[in-house]
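In: Quick one, what's the 3D model for this:
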Amino acid sequence: MVTLMALLARHPMPVAVVAVALVATAAVFTFARPEYHPAGGGMKSFTLPMKPPAADASGAAGWVWPDGTPGWVPGYTVMDGTYNVSGLQPVEVQAAQLAAARNILDASKVRVVSSIRGNRNGVLAILAAPTVGVKPEKTCLAGMLLGDAPVVWQCPGARPGPGDLANARVLVAAATFTWRAPGRKPEHPLYLAGVARGDVYRVVLHAPGVIPRELYVRGSTWGEFSSASGLPYGGAYGRHGLVQKLHLDLVPGQQRVFQ
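Out: Just a heads-up that it's a prediction; the model follows:
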């Protein structure tokens, strides 16, 4: 059964959390296959097939999926076309496809790993695409931001150094919005879509005084997660404690790709 946070990710709204922690532990957890109940669909539901996460490894090897490039075909729908599982329409990835082609990636195989929509200016998403003319084929990733922001593709291990995606535990596309309701103070929810490296076992939401909420547990998905929350910060934890901190402190109107 899909969790409340997963439903919020597909049908976003602000939630009362003020911090995000990205956690990787050595523990083993049970993870149910996602089951969705589309809005207005009564008791109708559908269960998505299980998808294996990336290899349980550090570095570039942790960004390798056993079934090849992960993600949904843009615009992929179920239930006779009534529910778009990918979260966006094919036209919305055209700029990403052009950028993929220019980076010698297969533009025809751009896939949507994770997505979330906070307004009508676009979609935050994590995209994946395979390399062309390289054996074995490799998977490259990109964080897609709102509007006309350029899509920058990253291939783990392509440029060894601190900024290489191979050294990141997560890849996150995030943006902060400003919402004003009559008679109330403005709210500034932060939306994010992300994917975890294969050696990340959990992604958890933390807030002072609030019970932590898991966004992702390693098991039967590609490693994707998404969230709508307050003003978060993040930290990645491995088998021996904290291994990475992510500061997602965007001001209202800002957006950025983090890793």
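In: Confirm that residue 228 lies within a strand, as I assumed.
Out: Yes. Assessed with DSSP: H, G, I helix; E, B strand; the rest coil, residue 228 lies in a strand.
In: Confirm for me that it is in contact with residue 117.
Out: No. With contact defined as Cβ atoms under 8 Å, residue 228 and residue 117 do not form a contacting pair (10.1 Å). Every C-beta, even on glycine, is put in place using the N, C-alpha and C of the backbone.
In: give the contact list for the spatially closest residue to residue 171 that is not a sequence neighbour.
Out: Closest residue to residue 171 apart from its sequence neighbours, by Cβ to Cβ, 6 or more residues apart in numbering: residue 259 at 5.0 Å. Residues in contact with residue 259 (Cβ atoms under 8 Å, 6 or more residues apart in numbering) are 154, 165, 168, 170, 171, 172.
In: Inside helices: which ones of those residues?
Out: Assigned to helices by DSSP state H, none of those qualify.
In: Out of the residues you listed, which comes closest to residue 146?
Out: Of all the contacts of residue 259, the one with the least separation from residue 146 (Cβ to Cβ) is residue 172, at 14.2 Å.
In: ok, the closest one - contacts?
Out: 126, 143, 192, 193, 194, 246, 248, 257, 258, 259.
In: out of those, which are inside strands?
Out: 126, 143, 192, 193, 194, 246, 257, 258 (DSSP state E).
In: Any chance of a ChimeraX selection covering the buried ones in the residues you listed?
Out: Remark: buried members of the ones in strands among the contacts of residue 172, expressed as a ChimeraX selection using 16 or more other Cβ atoms under 10 Å:
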select :126,143,192,193,194,246,257,258
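In: Of the ones in strands among the contacts of residue 172, which is the nearest to residue 183?
Out: Nearest to residue 183 among the ones in strands among the contacts of residue 172, with distances taken as Cβ to Cβ, is residue 192, at 28.6 Å.
In: Now do the nearest residue to that closest one once chain neighbours are set aside: how many residues are near it, please.
Out: Once flanking residues are discounted, residue 192 sits nearest to residue 174: 4.1 Å by Cβ to Cβ, 6+ apart. Counted by other Cβ atoms under 10 Å, the residues lying close to residue 174 total 25.
In: State the distance from residue 174 to residue 131.
Out: 26 Å (Cβ to Cβ, to the nearest Å).
In: Would you mind finding the longest helix in the protein?
Out: Assigned via DSSP H, the chain shows its longest helix as helix 94-102.
In: Run through the neighbouring helices and strands of that helix.
Out: In terms of contacts (3 or more Cβ pairs under 8 Å, 6 or more residues apart in numbering; DSSP states H and E), helix 94-102 is packed against strand 139-144, strand 152-154.
In: Name every strand pairing with the longest one and say which way it goes.
Out: This points to strand 139-144. Strands that pair with strand 139-144, judged by DSSP bridges, come out as strand 122-130 (antiparallel), strand 152-154 (antiparallel).
In: what would these look like in JSON lines with distance to residue 223 and mean pLDDT?
Out: Below are the strands paired with strand 139-144 laid out as JSON lines (distance: least, Cβ to Cβ, whole Å; pLDDT from 0 to 100):
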{"stretch": "strand 122-130", "distance to residue 223": "9", "mean pLDDT": "97"}
{"stretch": "strand 152-154", "distance to residue 223": "16", "mean pLDDT": "97"}
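In: Buried residues in stretch 108-120, which are they?
Out: 109, 110, 111, 112, 113, 114, 115, 116, 117, 118.
In: wait, which of the residues you listed is closest to residue 72?
Out: Nearest to residue 72 among the buried residues of stretch 108-120, with distances taken as Cβ to Cβ, is residue 112, at 4.9 Å.
In: Could you confirm the closest one falls within a helix?
Out: No. Under three-state DSSP, residue 112 sits outside any helix and is assigned strand.
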